[in-house]
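Asker: Below is the sequence, then the predicted model.
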Amino acid sequence: MPDSAAKDLKFAWHPFTHLKYAPKNINIVSAKGAHYFDEHKKKYIDGISSWWVNLHGHSHPYLIKKINQQLKKNAHSIFSGFTHPQAIKLAERLVSILPGQQSKIFFSDDGSTAVEVAIKMALQFFHNKNYPDSYRERTKIIALENAYHGDTFGGMSVGARNAFNNAFSSLLFDVVHIPVPFKENRTEVLNKLKATLIKNKCAAFIYEPVIQGAGGMVMYNKDVLDEMVALCKKAGVICIADEVMTGFGRTGKLFASEYLKNKPDIICLSKGLTGGIMPMGVTSCVEKIYKAFITDDKTKTFFHGHSYTANPLSCSAANASLDLLQKKETLKNISKISEAHEKFRKKISGNKQLKSVRCLGTIIAFELKSKENSGYLHSAAEKISEFFIQKGIILRPLGNIFYILPPYCIKMKDLKYIYSEIENFLKTC
């Protein structure tokens with residue numbers, strides 16, 4: 001065993017890893033564009049944007065330049081009682097492009113904490129308002145079945161009950177889960193939602209708009225979701241769009257909420273926010289929510305914060321990423337990837353080894369037929385991962401479901417190579 005692998009095994013604990021049977025981890029020593037390079041100089045195509053965060057490619061010179069410039073000015077400063085130019089600039093830019101008349105930006109550290117902030121904002125909104133007691137007591141959260149919203153306790157509570165959080169099930173707060181909406185179950189979904197709104201004192205409805213990521217790249221019906229959001233809004237329920245994965249062009253639109261007529265009251269962002277180069281989370285809200293925290297009563301303050309809130313380096317990375325995202329070249333690349341995915345979907349959709357092929361924007365997902373139930377712990381995961389690693393392709397399966405979600409800079413030859421190896425893989429099934 002190489003010295004690096006031995007030290008990694010001895011000292012590091014990796015996420016989402018079955019420790020007893022885990023293979024040794026690949027030691028990545030450099031990255032450029034859409035590629036990784038390991039300690040043996042083997043090249044890998046990053047087919048999943050390094051866990052969905054990398055928009056523009058690794059080691060992008062413009063991002064590095066902007067972070068270096070900021071590093072020389074101010075690497076970090078407290079954000080309570082102080083501010084700085086990069087945070088002001090980023091907040092203004094996000095408010096200008098986010099859907100649904102978003103008014104304020106609250107900074108945090110990652111996607112899960114962005115969700116945690118959103119849940120606390122929604123619950124405290126009703127606590128702070130001088131409504132009748134029956135209205136102030138709104139504490140129930142509505143979420144979709146099969147959802148994933150992160151690994152903090154609030155995020156786990158609104159997510160599906162599964163292997164991700166079984167160890168903590170008795171400690172999670174109760175949530176009403178509604179079936180994922182499709183055309184076929186529209187009546188069932190809407191009836192359950194209506195009954196929930198009548199029977200419960202509901203505070204918020206949280207959803208991953210149009211597509212569920214970690215739940216298996218489930219692409220569901222936007223029109224039924226739109227009706228759900230409309231019903232919640234009519235009932236005075238705060239609507240939270242978890243756009244941690246779907247934001248910044250992934251679904252073919254700048255934000256997935258743009259597919260809906262009814263816009264969210266709160267939006268959660270992370271992953272692609274900084275172009276995959278620095279950690280950061282953001283929770284935006286409409287003005288009515290922010291105003292509920294403007295009061296003479298100090299106990300109604302939003303007591304939430306992080307040591308690295310609005311870190312200047314992360315803000316500078318996010319501003320630089322937005323610069324690149326709004327370039328015509330990037331938008332053209334997003335369209336090219338989307339078109340290539342759709343063309344490949346049509347080509348491969350009749351394959352007998354596949355239960356389904358689905359794509360939306362720059363995301364294409366493949367679900368293998370199996371006697372086992374589809375899911376994260378499906379036995380096919382190891383086979384899928386190992387096959388593509390041997391081919392120099394990084395595709396991280398969700399059980400028997402695997403997908404391509406590439407950085408926007410990926411070359412068509414690399415994308416076609418991945419498509420070709422997917423066809424070869426299916427011949428081995």
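Answerer: Good, I have the coordinates. Numbers count the residues shown, from 1 in each chain.
Asker: Next secondary structure element downstream of the least confident helix or strand in the chain by mean pLDDT?
Answerer: The helix or strand of the chain with the poorest confidence is helix 133-136; it has a mean of 55 (mean pLDDT, DSSP states H and E). Going down the chain from helix 133-136, the next helix or strand is strand 140-144, by DSSP states H and E.
Asker: Which elements pack onto the helix or strand just after that following strand?
Answerer: Later in the chain than strand 140-144, the nearest helix or strand by DSSP H and E is helix 153-158. Applying 3 or more C-beta pairs under 8 Å, 6 or more residues apart in numbering; DSSP states H and E, one finds that helix 153-158 contacts helix 111-128, strand 140-144. Placement of C-beta: from N, CA and C, glycine included.
Asker: In JSON lines, list those along with mean pLDDT, mean neighbour count and distance to E372.
Answerer: Below are those laid out as JSON lines (pLDDT from 0 to 100; neighbours: other C-beta atoms under 10 Å; distance: least, C-beta to C-beta, whole Å):
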{"stretch": "helix 111-128", "mean pLDDT": "96", "mean neighbour count": "24", "distance to E372": "28"}
{"stretch": "strand 140-144", "mean pLDDT": "97", "mean neighbour count": "23", "distance to E372": "23"}
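Asker: can these go into a markdown table with extra columns for distance to I206?
Answerer: Listed next are these as a markdown table, based on distance: least, C-beta to C-beta, whole Å:
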| stretch | distance to I206 |
| --- | --- |
| helix 111-128 | 7 |
| strand 140-144 | 5 |
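Asker: of these, which approaches A318 most closely?
Answerer: Nearest of the helices and strands packed on helix 153-158 to A318, taken as C-beta to C-beta: helix 111-128 at 13.0 Å.
Asker: so the closest one versus strand 140-144, what angle?
Answerer: Computed by axes from the mean of the first three to the mean of the last three C-alpha atoms, to 10 degrees, the angle separating helix 111-128 from strand 140-144 equals 140 degrees.
Asker: which stretches of the stretch 151-300 of the chain form helices?
Answerer: For the stretch 151-300 of the chain, applying DSSP state H, counting those that start in this stretch gives helices covering 153-158, 186-199, 222-234, 287-291.
Asker: Hmm, H58 and S50 touching each other?
Answerer: Yes: here S50 reaches H58: they are 7.4 Å apart, a contact under C-beta atoms under 8 Å.
Asker: Need the residues touching each of those two.
Answerer: Residues touching both S50 and H58 (C-beta atoms under 8 Å, 6 or more residues apart in numbering): G276.
Asker: who has more neighbours, those two?
Answerer: Shown here are S50 and H58; by other C-beta atoms under 10 Å, H58 has more neighbours (23 against 17).
Asker: Bridge partners for the more buried one, pull those for me.
Answerer: In this entry, H58 is beta-bridged to G33, by DSSP bridges.
Asker: and the gap between it and V286?
Answerer: According to C-beta to C-beta, to the nearest Å, H58 stands 36 Å off from V286.
Asker: likewise I404?
Answerer: Applying C-beta to C-beta to I404 and V286 gives a distance of 35 Å.
Asker: Just want to know which of the two has more residues nearby.
Answerer: I404 (25 against 19).
Asker: How about the contacts made by the more buried one?
Answerer: G47, I48, H341, I363, I364, L395, L415, I418.
Asker: Neighbour-wise, which one of those residues leads?
Answerer: Going by other C-beta under 10 Å, I364 tops the contacts of I404 with 27 neighbours.
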